[in-house]
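In: what follows is a predicted protein model with its sequence.
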2 protein chains.
Amino acid sequence: MSSQQRPGEHGEDAITEEEMAGTTMPAPAAEPSKRPNAFTELMAPKKPKPPTHTTAAPKPHSRAPVFAGRDGLGAYTASPQSYGPDRIVYHNEHFVVINDLYPKSSVHLLLLSRNTRKQLLHPFDAFEDAAFLAACRAEAAKVKKLVAAELRRKHGAYSASEKARRDAMDANDPPDTDGLPAGRDWESEVKTGVHAHPSMDHLHVHVLARDMHSPCMRHRKHYNSFNTPFLVPLEDLPLAPNDVRRHARYLDEDLVCWRCGRNFGKSFAKLKEHLEGEFEAWRKE
Amino acid sequence: MSSQQRPGEHGEDAITEEEMAGTTMPAPAAEPSKRPNAFTELMAPKKPKPPTHTTAAPKPHSRAPVFAGRDGLGAYTASPQSYGPDRIVYHNEHFVVINDLYPKSSVHLLLLSRNTRKQLLHPFDAFEDAAFLAACRAEAAKVKKLVAAELRRKHGAYSASEKARRDAMDANDPPDTDGLPAGRDWESEVKTGVHAHPSMDHLHVHVLARDMHSPCMRHRKHYNSFNTPFLVPLEDLPLAPNDVRRHARYLDEDLVCWRCGRNFGKSFAKLKEHLEGEFEAWRKE
DNA sequence: TATTCCGATAGTGAC
DNA sequence: GTCACTATCGGAATGAG
C-alpha cells in the first residue's frame, strides 16, 4: 500500500549556525511564509538518514581523538568549528548547541557543555554543582527561546493563536517586532531536561518541542524517554538522594499520548499513527 | 551484500503425474544425467513462491465448494483431475498423492485419503480403524518407494554409494534395471508420518526425505514438526490412550541437527546455515 | 537509554 | 502446526587505518 519514500538529506529543516551568525543570543524569529531560507519547509525526510554508521557526526579532517559510539557527542564540544551550520546551531566558550542528529520532535536541540570537568559526569552528578547548574539553566533558557522561535517559524502559519500577529506582520513589512501582538506562547510547548540514564556519555541537555512528530521517533523507548519521568527537567535538579527517578524504569511502560492521554499499550505503530492527527491539531491551536 | 534472487515458479523440480502416467505404481526410477526431463535440475526456487495468497492450491474452474485456509487440501481429493501434473503425482480411487506446496525437504509428498468418512478426522482417530490404517500403510509404502526413486534421481549423481550402479548404468544404455547393483538405500532416508496436531484439516500423511533442505523450511516449527516426536510414524499408530504424543508440546523445543545431533538452541538461522553443509555431505554418502 | 542490522517472537487474517 | 504480513522484542556491533 504505502510506497517507500526516498529520504532527503538529514537536517535540511533545522536551525543553522548561519542563521545565528555566531551569536550566543537567539536571532529574532524568522516569520513563516515571509522569507524563504534554509528553514523553509522542503522535502522533510520521511526516514532518518544519518551520515554514516556511527552515531557521531561525520568526523572533521583532524586526526584528534576519535569520538564514536557513546562518545559521539564529544566531537562537537572539542571542535565545533569543524562542523557545518546545519549541525551546529551556535557555540561559545562554554557551550555548544547542536541540532540533534535524530530529532524526536519537530524541533530538537542539544545543549552541550564544554566544561571538561563536568562533561563526562552523569547529569545527576554534574548538576550537584550549583554554579554549573545555574550557568546551564541560563544557557538553556536561551536555547528554549531559540526553539520557540523555530516553532513559530515552522508552525506559526497554521496556528490560530498566531493570527493577529501574522496579520500585523503582513500589514507592515519590514515588520517592527516590538509592536507586534505576542502571538502564541511557543515556549510553553518546549521541554528541557536530561535523561535519567543517558546513552551518550557526554553531558547533554535536551531542548525540544513536545509534539513528538518526527521520522526519527521510531521506538517506544524514544517516546517514553521524553514523556515519562525519565526526562528530568533542569528545574528538578539536583535530585534528592532518594528521588525515585534515580533508579526507576520508565522506558518499558505503556505508551500514553502526551496530548490526549490515551493509552496505546505497547503498540507503537498505533501511537505513531495517532500522533499524526495530534500534530495537525496541535499546530493549529 | 547478498543479492535478492528472483524465485522461479514453484514445483518445477517435483515429481509429475506425467512421469507417473496415471499408474498407481512407482515408475522405474529415472536415472540422473541420462534423460533430461521435467525432473531435471532447473532453477530451483530460492524462496517459496505459492500461487496466490491462500494456502490452497489454485482453484480449478468449477464453482464447487471453496477450499481455503485449513481446508486447503480438500480440493485435491475432491477433483484431482483439475490440477496439473506438477501438483498431482498420481491419484486413484482411494488416494491422491501431491507434491507438498511448501516442501520442507528436497522431496516432500503428501498422501491424501479420498475416504470421506475419514478425511476430516484427526489422524489419531482416523487410524483407530485397523483396515483403513492398513490400506494407508500399503499406499504409503508405495509413495515411499516413489520418494526414494526421486531422491536417487536428484542426488544419485553425488552419492558415493551409488557409484557402482551409476557405472553399470553408463555401461549399458538402455539399462537393464534388474541386473543393476542395488546402489544406495534411499528408502532409509525417507520419513513417513502424520503431525500430532495438523494445521490442515484434511487427513494427510507426510512422506519426505530427512534432509530438511528446502527454501520453504523457514521456521523453527517447520523443522521441529518433522524432527521431534511431533511427527508420528504410521507404524506407531494407533497410539496408546496414554501416549504422551497426544498432548506433549514439541514445536518450541531447541533445534537439534537431525544428522549430527548438534543443538542450535532457538537460533534457526544458525541451524539453517548448518543444514547447508550437512546436505552436501549427506548426498555424497 | 545513540543507531543499525539481523533475527526471534507474537498476533492477525485468509474464505 | 498452512501461509503471509506487520510489528514487537532481543541481542550485537558500531570508528578508523
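Out: Now that the structure is in, tell me what you want to look at.

In: burial of the residue in the stretch 151-285 of chain A that DNA strand C sits nearest to, as a residue count?
Out: Ranked by Cβ to the nearest atom of the strand, the top residue of the stretch 151-285 of chain A for proximity to DNA strand C is residue A:221, at 2.0 Å. Backbone N, C-alpha and C define where each C-beta goes, glycine included. Residue A:221 has 13 neighbours, counted by other Cβ atoms under 10 Å in any protein chain shown.

In: ok, it touching residue A:249?
Out: No - contact between residue A:221 and residue A:249 fails when scored by Cβ atoms under 8 Å: they sit 10.8 Å apart.

In: tell me who's in contact with the residue of the stretch 151-285 of chain A closest to DNA strand C.
Out: By Cβ atoms under 8 Å, 6 or more residues apart in numbering or on different chains, the contact list for residue A:221 reads A:251, A:252.

In: can you rerun that using 6 Å?
Out: Residues near residue A:221 by Cβ atoms under 6 Å, 6 or more residues apart in numbering or on different chains: residue A:251.

In: same check, this time on residue A:126
Out: With the criterion set at Cβ under 6 Å, 6+ apart, residue A:126 makes contact with A:118, A:203.

In: what are the boundaries of the strands in chain A?
Out: Here chain A has its strands, by DSSP state E, at A:88-91, A:95-99, A:108-113, A:190-195, A:204-209, A:231-233.

In: now the stretch 151-285 of chain A, which segments are flagged as low pLDDT?
Out: Across the stretch 151-285 of chain A, the ranges flagged by pLDDT under 70 are A:173-175.

In: near DNA strand C, which residues of it show up?
Out: Residues of the stretch 151-285 of chain A lying close to DNA strand C (Cβ under 7 Å from any atom of the strand) are A:195, A:197-200, A:216, A:219-225, A:251.

In: of those residues, which belong to helices?
Out: Of those, the ones assigned to helices by DSSP state H are A:220, A:221, A:222, A:223, A:224, A:225.

In: among those, who's most crowded?
Out: Counting neighbours by other Cβ under 10 Å, residue A:223 leads these with 24 neighbours.

In: for that one, give its distance to residue A:212.
Out: For residue A:223, the distance to residue A:212 (Cβ to Cβ, to the nearest Å) stands at 6 Å.

In: for residue A:99, same thing?
Out: Distance, residue A:99 to residue A:212, by Cβ to Cβ: 17 Å.

In: who's in contact with the most centrally placed residue in chain A?
Out: For chain A, the residue nearest the mean C-alpha position is residue A:108 (1.4 Å; Cα atoms, centre = their mean). Residue A:108 makes contact with A:100, A:208 under the criterion Cβ under 6 Å, 6+ apart.

In: ok, residue A:256 touching residue A:263?
Out: Yes - the pair residue A:256 / residue A:263 is scored as a contact, 5.3 Å apart, by Cβ atoms under 6 Å.

In: the two: which has the busier surroundings?
Out: More crowded of residue A:256 and residue A:263, by other Cβ under 10 Å: residue A:256, with 17 against 11.

In: what ranges do the helices span in the stretch 1-150 of chain A?
Out: Here the stretch 1-150 of chain A has its helices, by DSSP state H, counting those that start in this stretch, at A:17-20, A:74-78, A:123-126, A:130-155.

In: and those, which one averages the lowest pLDDT?
Out: Lowest mean pLDDT within those: helix A:17-20, a mean of 60.

In: circling back: among the ones in helices among the residues of the stretch 151-285 of chain A next to DNA strand C, which one sits closest to residue B:91?
Out: Nearest to residue B:91 out of these is residue A:220 (Cβ to Cβ; 53.2 Å).

In: distance of that closest one relative to residue B:181?
Out: In this structure, residue A:220 and residue B:181 are 65 Å apart, going by Cβ to Cβ.

In: and the gap between residue A:283 and residue B:139?
Out: In terms of Cβ to Cβ, residue A:283 sits 70 Å off from residue B:139.

In: neighbour-wise, which of the two wins?
Out: Legend: neighbour count by other Cβ under 10 Å for residue A:283 and residue B:139, higher for residue A:283 (22 against 19).

In: what's near enough to touch that one?
Out: Contacts of residue A:283 (Cβ under 6 Å, 6+ apart): A:155, A:158.

In: may I see the buried residues of stretch A:88-104?
Out: A:88-91, A:95-104 (16 or more other Cβ atoms under 10 Å in any protein chain shown).

In: relative to DNA strand C, how far out is the nearest residue to residue A:129 once chain neighbours are set aside?
Out: Computed as Cβ to Cβ, 6 or more residues apart in numbering or on different chains, the closest residue to residue A:129 that is not its neighbour in sequence is residue A:118, at 7.1 Å. Per Cβ to the nearest atom of the strand, to the nearest Å, residue A:118 is found 17 Å from DNA strand C.

In: if I look at residue A:118, what pLDDT would I see?
Out: So residue A:118 comes in at 97 (pLDDT).
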